[in-house]
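# Sequence isn't available, so here's the structure alone:
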Ligand SMILES: [Fe+2]
């Protein structure tokens with residue numbers, strides 16, 4: 001029996017149901033209507049320093065709904081020392097919101113004290129794995145709870161990688177006891193960009209360590225996909241979700257929508273579509289094995305997507 005199998009599934013964290021990422025544009029609707037959404041995920045950094053309206057709104061929401069904290073600046077893969085001041089603020093916010101769990105990403109976001117505000121991928125090898133293992137242990141000791149880490153979407157790979165992303169994540173879980181946030185859309189995006197098999201990715205993960213799913217839309221640029229969170233979830237990602245649901249037995253599921261954000265009802269309705277895919281049977285769903293294969297014409301170098309991002313930012 002492996003260490004993974006001997007641990008409590010999902011680290012003992014509850015199945016919260018179907019949640020939505022809390023965004024400021026929805027504050028008035030949520031406060032007025034108290035929609036029947038199961039839970040909210042907040043971006044930790046949006047509330048760590050605020051004492052104004054965001055904090056006032058969050059206080060009311062945290063009284064009525066379960067809240068999970070999702071960070072973007074832990075920078076667990078960086079060679080910088082861990083930012084203990086950041087961790088202190090993270091821990092204080094978790095206590096204040098009664099956060100059910102705290103998540104971030106398997107990535108690095110800066111070096112030499114500079115936060116690049118981007119979720120940058122790591123090379124996957126023994127050296128980076130041991131580096132991240134040591135830091136996850138340090139963070140978990142400080143936060144006094146298991147950390148949950150998400151697979152990022154990525155646009156580059158490293159010559160120095162000697163293992164797959166899913167083997168890296170599995171070894172990280174086994175060594176540290178941390179959990180995984182499986183972003184199903186990120187799997188699709190990264191696998192398209194790097195000519196990998198999304199089915200193999202999802203099948204190879206330690207399913208009892210997956211605490212949460214993310215779902216989101218993306219932007220297909222023909223030769224590559226950008227993880228823009230600006231649209232509905234595409235059918236192929238729903239099919240990957242169905243597979244992930246089957247393999248995990250179902251975990252807390254959350255929709256991220258960060259640009260061109262529609263009204264709250266539309267966002268909530270999108271995550272509730274997950275129920276249809278959970279209950280899909282082989283008779284009424286498309287065959288995922290064939291539909292998710294990457295077409296041969298896509299197997300070519302991925303251009304640098306920065307120009308696309310810059311154009312949007314401008
Ligand atoms: Fe995500």
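Okay, I see it. The structure displayed is predicted, hence computed values, not measured ones.

# burial measure for the residue of the stretch 51-200 of the chain found nearest the ion, as a count.
Per CB to the ion, the residue of the stretch 51-200 of the chain with the smallest distance to the ion is residue 183, at 3.7 Å. Quick note: C-beta positions are derived from backbone N, CA and C, even for glycine. By other CB atoms under 10 Å, the residues close to residue 183 number 24.

# likewise residue 8?
Here the number of neighbours of residue 8 (other CB under 10 Å) works out to 8.

# Distance-wise, check it relative to residue 250.
Distance, residue 8 to residue 250, by CB to CB, to the nearest Å: 16 Å.

# and if you look at residue 138?
Taking CB to CB, one finds residue 138 at 32 Å from residue 250.

# Flag every residue of the stretch 151-300 of the chain that's near the ion.
183, 214 (CB under 5 Å from the ion).

# Try it again at 8 Å.
Counting by CB under 8 Å from the ion, the positions of the stretch 151-300 of the chain adjacent to the ion are 153, 181, 183, 185, 186, 214, 216, 227, 229, 256.

# list the contacts for the fifth one?
Residues touching residue 186, when contacts are defined by CB atoms under 8 Å, 6 or more residues apart in numbering, comprise 150, 151, 152, 153, 214, 227.

# Can you flag which of those belong to strands?
150, 214 (DSSP state E).

# most surrounded residue in the contacts of residue 186?
Using other CB under 10 Å as the neighbour test, those are led by residue 153, with 26 neighbours.

# For that one, grab phi and psi.
phi -80, psi 150 (degrees, to the nearest 10).

# Grab the nearest non-local neighbour of it.
Once flanking residues are discounted, residue 153 sits nearest to residue 227: 3.7 Å by CB to CB, 6 or more residues apart in numbering.

# Residue 124 belongs to a strand?
No. Under DSSP: H, G, I helix; E, B strand; the rest coil, residue 124 sits outside any strand and is assigned coil.

# That one contacts residue 165, doesn't it?
Yes. Judged on CB atoms under 8 Å, residue 124 makes contact with residue 165 at a distance of 5.8 Å.

# More neighbours: those two, which one.
Neighbour count, other CB under 10 Å: between residue 124 and residue 165, residue 165 has more, with 25 against 22.

# Which of the helices and strands in the chain ranks last by mean pLDDT?
When the helices and strands of the chain are scored by mean pLDDT, DSSP states H and E, helix 306-313 comes last with a mean of 38.

# Quick check: which ranges of the chain have low pLDDT?
Regions of the chain meeting the criterion pLDDT under 70 cover residues 1-7, 280-314.

# Tell me where it has helices.
Listed in chain order, the helices of the chain (DSSP state H) span 27-33, 45-48, 53-64, 84-97, 126-143, 165-176, 184-194, 198-204, 235-248, 264-272, 274-278, 288-291, 306-313.

# Is the one residue in the stretch 201-314 of the chain that gets nearest to the ion bridged to anything, and to what?
Going by CB to the ion, the ion is nearest to residue 214 of the stretch 201-314 of the chain, at 3.5 Å. Beta-bridge partners for residue 214, by DSSP bridges, are residue 183, residue 254.

# contacting residues for it?
With CB under 8 Å, 6+ apart, residue 214 has these contacts: 150, 181, 182, 183, 184, 185, 186, 254, 255, 256.

# Just the closest of the residues you listed to residue 131, please.
Proximity of the contacts of residue 214 to residue 131 (CB to CB) peaks at residue 150, which lies at 18.1 Å.

# Please name the bridge partners of the closest one.
Beta-bridge partners of residue 150, counted by DSSP bridges, are residue 105, residue 181.

# so it makes contact with residue 102?
No. Applying CB under 8 Å as the test, residue 150 and residue 102 come out as separate, 11.6 Å apart.

# right, and residue 74 touches residue 139 too?
Yes. Applying CB under 8 Å as the test, residue 74 and residue 139 come out as touching, 7.1 Å apart.

# Now do the shared contacts for those two.
Common neighbours of residue 74 and residue 139 (CB under 8 Å, 6+ apart) do not exist.

# Quick one: residues in contact with stretch 31-39.
By CB under 8 Å, 6+ apart, stretch 31-39 touches 16-20, 29, 57, 60-61, 64-68, 100, 252, 254, 264-265, 268.

# how about residue 16, what does it touch?
Residue 16 touches 38, 39, 66, 68, 100, 252, counting by CB under 8 Å, 6+ apart.

# any chance of these in CSV, plus neighbour count and distance to residue 109?
Below are these laid out as CSV (neighbours: other CB atoms under 10 Å; distance: CB to CB, whole Å):
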residue, neighbour count, distance to residue 109
38, 18, 29
39, 19, 25
66, 20, 26
68, 27, 20
100, 20, 24
252, 24, 24
